[in-house]
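In: Pasting a predicted model and its sequence here:
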Number of protein chains: 2
Amino acid sequence: MVFNIAFIGFGVVGQGLAEILVEQEDLLKKDYSFHFKVVAISDVVKGSVYDENGLDLKELLKLVKETGKIEEYPDGIKGWDSLKTITDTNANMILEVAWTDLKTGEPAITHVKTAINKKKHVVLTNKGPIALAVRELLDLAKQNDVEMRYEGTVLSGTPALNLGLYNLAGAGITKARGIVNGTTNYILTEMEKGLDYEDALKQAQELGYAEADPTADVEGYDALGKIVILANTVMGAKLGKDEPPCEGITKITADDIAKAKEEGYRWKLIAGAEIKADGSVEAYVRPEKIPLEHPLANIMGPTNALTYSTKYLDDVTIVGPGAGKAPTGFALLTDILDINRILGKS
Amino acid sequence: MVFNIAFIGFGVVGQGLAEILVEQEDLLKKDYSFHFKVVAISDVVKGSVYDENGLDLKELLKLVKETGKIEEYPDGIKGWDSLKTITDTNANMILEVAWTDLKTGEPAITHVKTAINKKKHVVLTNKGPIALAVRELLDLAKQNDVEMRYEGTVLSGTPALNLGLYNLAGAGITKARGIVNGTTNYILTEMEKGLDYEDALKQAQELGYAEADPTADVEGYDALGKIVILANTVMGAKLGKDEPPCEGITKITADDIAKAKEEGYRWKLIAGAEIKADGSVEAYVRPEKIPLEHPLANIMGPTNALTYSTKYLDDVTIVGPGAGKAPTGFALLTDILDINRILGKS
């Protein structure tokens, strides 16, 4: 089958994927039998364009780079908003990468529901809608016999969710623990080099690892959202977005870090989830002193890592980037190619 | 669809999977829509049994444990050899886990070819046939429109091959490097604790990590077989089994190890493969001094690890067990469930 793709939103992540698609189109066809057209892009700021026969993605990327707009694209229908693009185009795969309110999950939740009800596959990287409504959305996708994927919500394109869902299927996952926030791991790494918290944070902000308001990262809320998504996705949990206990790194001093290292430990912000004897799942985010010989202790800088404990395979750890334009763009691609792998023959 | 499974060979690995299947049957049906019957087992030592309606795997495991034989199983047809079991039973999935000559790849190569020509899916964990003939076998499987999988040949059930083939599809893999032999990594770990090579080897042998003749491990041949399989599978290489340069750990002294550590390094036996600018793939096995802050430096004991370098996702590392009854039994299951995932709906 041919996938007709529509981008809802065309910011950093969407453009990240678009660049990969332009560069790899021939290889994706040849090596992965992935046949696609990008038929629509709708972005609240950059405008929208639809051509049922496919758009020239290279040309569109150039336009956006030069003008910040896509309206000047020479062909196609202009001006369709997100919902009309989802419902009225011939797209059968919707990439939801628009700006979304993390508190309400909107407009992403509405976009996703609309697409699924129209029997269209959905891939997204927005944590908000998934943290808030993953069960409801997955059930809706199942009812409509379409795929919904969101690998990019945890560890960007590093396959944390798909590892647990697919590669470790049947391995008997009992626990997941990891470093799922690169900003705080970068700050802790720099503090070990001698910076105090404020200077390390400032440096992270200058490098683009931390936002102007760093609360979501340093208080652990970003990590909490991710471990809740992971527990609800891989462990069948039904945790609310803000339910598990959460403590960030703001109380850790340079002195704590130096002292731990003398004792053979390293402070890390750990997000964890564990299946209890009664089948319930407990999750948490908290700073922990990890023995230096433990794999998670040696994850430095903005790198992320996640360890699954399993019944048959002991511990399996995946290490990789947790953010970035290309890694998050690739997260969309890994989900798209997996959908193609299981449905492409039909 | 229902998978009718035949075990060709019923040693440690086969029994490892059988135990998982017995324990997880209900969950595999419920959570993964995996419906199966084990219809035949044929083992040169333990005997063979076939029942087109399915065997009682729990009973069979008990029999093997108590008598070392399966011939006393109360029902079914007895005495069919491997080839007759592959060709004449109603099995549509053959698990090739028989003893195989690593030099010739037989009888596994014949088993695999026979199964594929009969349009049966094949899953195996034997390195021999894959290291010797993977391209030919994959081509044959493609011609016959069946699946052939062999995750267990590299890092046992830790998803090294499937990570590269599926999760990192489209990520632009340029390089793979790792610790793919647990025996040598265990020996190097113990030497760092103060043992000399001979004592560390003896300890590895006592623990079952090393064989009486440790040549294949300590000279790097086992690691070489694995990196050749990986390069040929994930990077499209066409390397011969013994083609790349190979150096083991026998020349490393306790003194070398101590000295490296003082300088902030650790000796590891590294297996690597890299795609060159002209598209060719170069592979090697050799001891390398790895900086202590590098993820591979901190993989200790019998644990394995593999780092993929990619264009869009930087480095992604997977860490997990590289051997063992349950991990290798699970390797079969992860392949089986993936086949079910892509074909189960049909």
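Out: Arrived safely, thanks for sending.

In: hey, let's count contacts and neighbours off CA atoms from now on
Out: Will do.

In: Check which residues of stretch A:19-39 are buried.
Out: By 16 or more other C-alpha atoms under 10 Å in any protein chain shown, the buried positions in stretch A:19-39 come out as A:19-21, A:25, A:28, A:32-39.

In: Next, see if it gets close to chain B.
Out: Yes - if you take C-alpha under 8 Å from any C-alpha of the partner chain as the test, stretch A:19-39 does meet chain B, through A:20, A:24, A:28, A:32.

In: Okay, the last one and A:Ile339: tell me how far apart.
Out: Pointing back at A:Tyr32 there. According to C-alpha to C-alpha, to the nearest Å, A:Tyr32 and A:Ile339 sit 11 Å apart.

In: re earlier: and the two most separated of the buried residues of stretch A:19-39?
Out: A:Tyr32 and A:Val39 (20.4 Å; C-alpha to C-alpha).

In: Narrow the buried residues of stretch A:19-39 to those in helices?
Out: A:19-21, A:25, A:28, A:32 (DSSP state H).

In: can I get those residues in CSV with pLDDT and distance to A:Leu333?
Out: Putting these into CSV (pLDDT from 0 to 100; distance: C-alpha to C-alpha, whole Å) gives the following:
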residue, pLDDT, distance to A:Leu333
A:Glu19, 98, 11
A:Ile20, 98, 8
A:Leu21, 98, 8
A:Glu25, 95, 12
A:Leu28, 96, 10
A:Tyr32, 94, 12
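
In: what about A:Glu198, which helix or strand?
Out: Take DSSP states H and E as the rule and A:Glu198 turns out to sit in helix A:197-206.

In: What is that helix packed up against?
Out: In terms of contacts (3 or more C-alpha pairs under 8 Å, 6 or more residues apart in numbering or on different chains; DSSP states H and E), helix A:197-206 is packed against helix A:182-192.

In: Averaged pLDDT, stretch A:121-130. What do you get?
Out: Per-residue pLDDT over stretch A:121-130 has a mean of 94.

In: Check stretch A:221-235 too.
Out: 97.

In: so does it get close to chain B?
Out: No - judged by C-alpha under 8 Å from any C-alpha, stretch A:221-235 and chain B are separated, with a smallest distance of 11.0 Å.

In: For that stretch, buried residues please.
Out: A:221-235.

In: pLDDT weak spots in chain A?
Out: Residues of chain A that meet the criterion pLDDT under 70 lie in A:345-346.

In: How about residues contacting stretch A:53-60?
Out: For stretch A:53-60, contacts defined as C-alpha atoms under 8 Å, 6 or more residues apart in numbering or on different chains pick out A:4, A:18-19, A:22, A:37-40, A:70, A:73.

In: Strands - which of those land there?
Out: Under the assignment DSSP state E, those contribute A:4, A:37-40 to strands.

In: mind giving me JSON lines with these and columns for distance to A:Leu61?
Out: Output for the ones in strands among the contacts of stretch A:53-60, formatted as JSON lines (distance: C-alpha to C-alpha, whole Å):
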{"residue": "A:Asn4", "distance to A:Leu61": "18"}
{"residue": "A:Lys37", "distance to A:Leu61": "15"}
{"residue": "A:Val38", "distance to A:Leu61": "12"}
{"residue": "A:Val39", "distance to A:Leu61": "14"}
{"residue": "A:Ala40", "distance to A:Leu61": "13"}
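
In: related to what we said a few turns ago, in the residues of stretch A:19-39 next to chain B, find the pair that's most separated.
Out: A:Ile20 and A:Tyr32 (14.4 Å).

In: Go through stretch A:63-74 and flag the buried ones.
Out: By neighbour count with 16+ other C-alpha under 10 Å, stretch A:63-74 contains the buried residues A:63-64, A:69-71, A:73.

In: Tell me the one of those residues nearest B:Lys127?
Out: Distances from B:Lys127 to those, taken as C-alpha to C-alpha, are shortest for A:Val64 (50.1 Å).

In: Could you look up the SS state of the closest one?
Out: Assigned with DSSP: H, G, I helix; E, B strand; the rest coil, A:Val64 falls in the helix class.

In: Measure how the helix or strand hosting A:Leu333 sits relative to helix B:325-343, angle-wise.
Out: Here A:Leu333 sits within helix A:325-343, counting by DSSP H and E. Counting by axes from the mean of the first three to the mean of the last three C-alpha atoms, to 10 degrees, helix A:325-343 lies at 70 degrees to helix B:325-343.

In: does any part of helix A:325-343 sit near chain B?
Out: Yes - applying C-alpha under 8 Å from any C-alpha, one finds helix A:325-343 touching chain B at A:326-327, A:330, A:333-334, A:337-338, A:341-343.

In: How about the contacts made by A:Thr158?
Out: A:Thr158 neighbours (C-alpha under 8 Å, 6+ apart): A:152, A:318-322, A:327, A:331, B:313, B:316.

In: In those, which residue is surrounded by the most others?
Out: A:Ala331 (34 neighbours; other C-alpha atoms under 10 Å in any protein chain shown).

In: Setting aside sequence-adjacent positions, which residue approaches that residue most closely?
Out: Of all residues not flanking A:Ala331 in the chain, A:Gly157 sits nearest, at 3.7 Å (C-alpha to C-alpha, 6 or more residues apart in numbering or on different chains).

In: In this structure that neighbour contacts A:Glu151, no?
Out: Yes - at 6.6 Å, A:Gly157 and A:Glu151 qualify as touching, with contact defined as C-alpha atoms under 8 Å.

In: joint contacts of those two?
Out: Common neighbours of A:Gly157 and A:Glu151, using C-alpha under 8 Å, 6+ apart, are A:331-332, A:334.

In: TSV for these, including distance to B:Asn304?
Out: As requested, these are exported to TSV (distance: C-alpha to C-alpha, whole Å):
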residue	distance to B:Asn304
A:Ala331	25
A:Leu332	29
A:Thr334	25
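
In: Please state the offset of the helix or strand that contains A:Asn232 from the chain centre?
Out: Element membership for A:Asn232 (DSSP H and E) is helix A:221-234. Mean C-alpha position of helix A:221-234 versus that of the full chain (C-alpha atoms, centre = their mean, to the nearest Å) differs by 11 Å.

In: Identify the residues contacting that helix?
Out: Here helix A:221-234 has contacts from A:127, A:130-131, A:134-135, A:153-154, A:161, A:164-165, A:180-181, A:215-217, A:237-242, A:244, A:246, A:248, A:271-273, A:281, A:283-285, using C-alpha under 8 Å, 6+ apart.

In: can you pull the contacts of the residue in the stretch 1-150 of chain A positioned nearest to chain B?
Out: Proximity to chain B, evaluated over the stretch 1-150 of chain A using C-alpha to the nearest C-alpha, is greatest for A:Leu28 at 6.8 Å. A:Leu28 sits next to A:34-35, B:170 when contact means C-alpha under 8 Å, 6+ apart.
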